[in-house]
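S.K.: Structure for the following, please:
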Amino acid sequence: MDIQLDQNTIISVPDLPGIQIVVNGKIWSFDYSKYWGPIWLKKDGTDRKCQNPNKAVWKAFEEWKNKHEHK
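M.R.: Presented below is the predicted three-dimensional model:
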């Protein structure tokens, strides 16, 4: 297979794929990139349309990030 890209194409892979956190009994999945941050995922692994979950999810993400991010 041959892949052709133009000069405006950005290719990115997550630093940590398939991360899950539990918030109020619900599993939230995301891929994490140090550059882009979390990409929130649906159950089937595709990107969620809305990338801005509620405050409780962001708080749990920040706790995860503080625990796992190497400075």
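S.K.: from here on, contacts and neighbour counts on C-alpha atoms
M.R.: OK.
S.K.: Name the spans of the protein whose pLDDT lies under the cut-off.
M.R.: Low-confidence segments of the chain, defined by pLDDT under 70: 1-3, 70-71.
S.K.: Swap in 80 and give it another go.
M.R.: Confidence mapping of the chain against pLDDT under 80 gives the ranges 1-12, 69-71.
S.K.: can you map out the strands along this protein?
M.R.: 16-23, 26-33, 37-41 (DSSP state E).
S.K.: Identify whichever of those strands lies nearest to residue 63.
M.R.: Closest to residue 63 of the strands of the chain is strand 16-23 (Cα to Cα; 10.0 Å).
S.K.: ok so, going back, nearest to residue 55 among the strands of the chain would be which one?
M.R.: With Cα to Cα as the yardstick, what comes closest out of the strands of the chain is strand 16-23 (10.4 Å).
S.K.: Fine by me, thanks again.
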